[in-house]
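Undergrad: I need the structure of the sequence given here:
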Amino acid sequence: MTVWHVVGALALGVAVGVFSGLIGVGGGIILIPALIYIFGMDQHMAQGTSLAMLLPPTGVLAFMEYYKAGKVNWQLGLLIAGGVFVGGYFGGAWAQEISGPTLRKIFAIAMVATAAKMFMQN
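TA: As a prediction, this is how the structure comes out:
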C-alpha cells in the first residue's frame, strides 16, 4: 500500500465519519462508491471493507455525543442491534451468492429508492 493509499483511506474515513456523525448515514452511501471508483474495488470487496470499517469506530464517538445530548433510545437501539447481528450474517452469506454486477444494481436501487422517498416527503 502506497503512502497515497494510506492518506486517501484516512481522508475518506474522516469524510465518512463526518457524514455519519452529521446525518446518521452508516457510511455506505459515501464509502462503497468511493471504494469502487477511487480504490478500484469490486462490489463484494467494497461491501466487505465497509463492514470491516464499521466494527470499531462507527458510532462510538458520534454515539457518545448523541448520548450526552439525551438522544438515544437504548431499548430500541439494542433490539435493532440484535436484529442487525443476525440479519448481517444471513445478508453477508446471501451476498456471496449474487454476482458483482447484480449486487451493485441492488445497492443502487436501494439508494435511489431511499433518496426518492426522502425527497418526496415534507
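Undergrad: show me where this structure has strands.
TA: Assigned by DSSP state E, the strands in the chain number zero.
Undergrad: Could you list the low-confidence segments of it?
TA: Within the chain, the segments meeting pLDDT under 70 span 21-27, 55-59.
Undergrad: where do the helices sit along it?
TA: 3-23, 28-37, 43-54, 60-68, 74-95, 100-120 (DSSP state H).
Undergrad: Tabulate those (TSV), appending mean neighbour count.
TA: Glycine gets a C-beta too; all of them are placed from N, C-alpha and C. Shown next, in TSV, are the helices of the chain (neighbours: other CB atoms under 10 Å):
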stretch	mean neighbour count
helix 3-23	13
helix 28-37	18
helix 43-54	18
helix 60-68	11
helix 74-95	10
helix 100-120	12
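Undergrad: show me the contacts for the most far-flung residue of the chain relative to its centre.
TA: Going by CA atoms, centre = their mean, the residue of the chain most distant from its centre is residue 122, 25.2 Å out. Residues in contact with residue 122 (CB atoms under 8 Å, 6 or more residues apart in numbering): none are found.
Undergrad: mind checking how far it is from residue 115?
TA: For residue 122, the distance to residue 115 (CB to CB, to the nearest Å) stands at 16 Å.
Undergrad: Residue 72 too?
TA: Residue 72 is 26 Å from residue 115, by CB to CB.
Undergrad: Could you list the residues in contact with stretch 79-88?
TA: Stretch 79-88 is contacted by residues residue 51 when judged by CB under 8 Å, 6+ apart.
Undergrad: my bad, stretch 28-41
TA: Contacting residues not belonging to stretch 28-41 are listed as 5, 8-9, 12, 15-16, 19, 42-43, 45-47, 49-50, 53, 104, 107, 111 [CB under 8 Å, 6+ apart].
Undergrad: just how off-centre is it within its chain?
TA: 11 Å (CA atoms, centre = their mean, to the nearest Å).
Undergrad: start at 44 instead
TA: With 44 as the first residue, the last one maps to stretch 71-84.
Undergrad: Keeping just the C-alphas, turn that stretch into CSV.
TA: What follows is stretch 71-84, C-alpha atoms only, in CSV (Å, rounded to 0.1, in the frame of the first residue of the first chain):
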residue,chain,number,x,y,z
GLY,A,71,-22.3,3.0,2.7
ILE,A,72,-23.7,5.9,0.7
ILE,A,73,-20.2,7.5,0.6
LEU,A,74,-17.8,4.7,1.3
ILE,A,75,-18.9,2.0,-1.0
PRO,A,76,-19.0,4.1,-4.2
ALA,A,77,-15.6,5.7,-3.2
LEU,A,78,-14.1,2.2,-2.7
ILE,A,79,-15.3,1.2,-6.1
TYR,A,80,-14.5,4.3,-8.1
ILE,A,81,-11.4,5.6,-6.2
PHE,A,82,-9.8,2.5,-4.9
GLY,A,83,-10.9,0.2,-7.8
MET,A,84,-12.6,-2.5,-5.7
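Undergrad: Noted, bye for now.
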